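Participant: Give me coordinates for this.
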Amino acid sequence: MSVTSARRRIQSEYKDLMVAWIRAGESWRDPVSRAFEERRLRPLDRRLKAAATAMEHLEGELAKARRDCGDD
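Facilitator: Residues are numbered from 1 along each chain as shown. Sure, this is the predicted structure:
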């Protein structure tokens, strides 16, 4: 699996998770759900954004290495 496809898959899976969370929130709004969102989902969002940024940087570096090695 390429870095690009892995990044896209992670982003897609996270989007699916958030859609499911929004649906769950329609009927589940209590202190436990709010704590879960605060303690788990919000940090996950920040971490995934950071990971996606790092993966994009890695994609660029790999592309440069391929060009430098003549493996366009």
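
Participant: For this structure, just list every one of the strands.
Facilitator: Using DSSP state E, no strands are found in the chain.

Participant: So, low pLDDT: which residues of it?
Facilitator: Within the chain, the segments meeting pLDDT under 70 span 71-72.

Participant: quick one: the longest helix seen in it to chain centroid distance?
Facilitator: Secondary structure of the chain read by DSSP state H shows that its longest helix is helix 42-69. With C-alpha atoms, centre = their mean, to the nearest Å as the basis, helix 42-69 stands 11 Å off its chain's centre.

Participant: for stretch 23-36, how far is the first residue from the last?
Facilitator: For stretch 23-36, the separation between the terminal residues is 15 Å (C-alpha to C-alpha, to the nearest Å).

Participant: just stretch 28-45 next, same as before
Facilitator: End to end - C-alpha to C-alpha - stretch 28-45 spans 20 Å.

Participant: again with stretch 25-41
Facilitator: 13 Å.
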